[in-house]
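# take a look and give me a structure for this.
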Amino acid sequence: MKPFRNAPPAEYAGAVPELSPRVALFVPCYLDQLYPDVAWACLELLEARGLKVDVPAQQTCCGQPLINTGAGHAARPLGVRFAASFAGFDHVVCPSGSCAAALRRQLAELPSGAASPRVFELCEFLVDELGVERLDVSFPHRVALHQSCHALRELGLGAPSELGGGAVARENPGRKLLGLVRDLTLVEPGRSDECCGFGGSFCVLEPGVSSRMGDDRVADFEAAGAEVVTSLDMSCLMHLSGLARRRARPLGFMHIAQVLLGRPIGEQAAAERRA
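Coordinates of the predicted model:
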């Protein structure tokens with residue numbers, strides 16, 4: 001089946017072509033438990049493009065925490081579970097670069113792995129598959145984009161700085177979408193793609209190093225004049241927002257799906273307090 005490059009624009013939401021591909025939403029477990037509005041925002045963005053999106057109730061963790069700690073053998077059953085839960089769908093959209101990378105890349109490296117090339121990170125799907133060129137939304141704030149390591153280096157969503165200025169690579173799809181938002185001013189940190197220090201279990205095993213890396217990242221965003229820090233990965237933002245809150249730093253942290261919908265800045269902070 002052909003990719004859904006010609007989805008109807010937002011004003012025709014609901015007018016789904018009869019033969020359109022079947023699209024499913026994969027909700028990472030930490031989003032389900034801590035940041036459910038991110039999943040809702042992702043669903044709203046897809047439905048605004050005229051897509052009918054399924055959210056399989058039997059889905060579970062992608063296995064990334066196990067893979068990252070070297071327990072790949074324990075992640076294989078989760079890969080098999082994913083394949084069964086999303087069988088029959090043409091595209092699976094995930095609002096997390098790291099989880100998408102685990103499903104599309106890391107599982108493929110395991111014996112008898114169940115990697116899925118049908119999995120797309122949300123912004124990647126909106127740009128590459130739907131061809132989004134316009135967003136009718138305003139977000140009147142100064143925004144910095146945190147480029148998460150997995151999305152940048154595992155999925156290739158951008159140009160890693162270690163490759164040098166002459167490297168040929170694609171534009172980060174999140175950056176392209178932010179450029180479509182009215183009244184949004186994109187500010188650039190001094191270090192464009194430095195790691196935030198989260199790294200899943202790394203922040204537990206090396207809390208001192210992780211915290212220092214996160215503090216440096218927060219300081220860089222502040223120096224750039226950002227009001228809001230956004231990213232394709234809420235896990236990075238979870239780490240950074242916790243550090244900023246403990247240091248009483250005046251920064252907001254929102255997943256890019258929330259920014260692309262023009263959600264108020266305070267909604268994410270209120271959700272964190274409830275969690």
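# can you give me the strands for the stretch 51-200 of the chain?
Along the stretch 51-200 of the chain, counting by DSSP state E, counting those that start in this stretch, strands occupy 53-54, 91-94, 119-121, 142-146, 185-187.
# export those to CSV and tack on mean pLDDT?
Shown next, in CSV, are the strands of the stretch 51-200 of the chain (pLDDT from 0 to 100):
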stretch, mean pLDDT
strand 53-54, 96
strand 91-94, 96
strand 119-121, 94
strand 142-146, 97
strand 185-187, 97
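# tell me which of the ones you listed lies nearest to Cys29.
Closest approach to Cys29 among these (Cβ to Cβ): strand 91-94, 11.7 Å. Heads up, the C-betas are built off the backbone N, CA and C, glycines and all.
# okay, now the sheet partners of the closest one, with direction.
In the sheet, strand 91-94 lines up against strand 23-25 (parallel), strand 119-121 (parallel) (DSSP bridges).
# neighbouring contacts of the first one?
Residues from elsewhere that reach strand 23-25 (Cβ atoms under 8 Å, 6 or more residues apart in numbering): 4, 39, 42-43, 46, 51-56, 86, 89-94.
# quick check: mean pLDDT of it?
Mean per-residue pLDDT for strand 23-25: 96.
# kindly report the same for stretch 198-218.
84.
# list the buried residues of that stretch.
Neighbour-count burial for stretch 198-218 flags Phe198, Gly199, Gly200, Phe202, Cys203, Ser210, Ser211, Met213, Gly214, Asp215, Arg217, Val218 (criterion: 16 or more other Cβ atoms under 10 Å).
# of those, which belong to helices?
Counted as lying in helices by DSSP state H, out of the buried residues of stretch 198-218, are Phe202, Cys203, Ser210, Ser211, Met213, Gly214, Asp215, Arg217, Val218.
# format those as TSV; extra columns: distance to Leu186.
Shown next, in TSV, are those (distance: Cβ to Cβ, whole Å):
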residue	distance to Leu186
Phe202	28
Cys203	27
Ser210	27
Ser211	27
Met213	23
Gly214	22
Asp215	23
Arg217	17
Val218	18
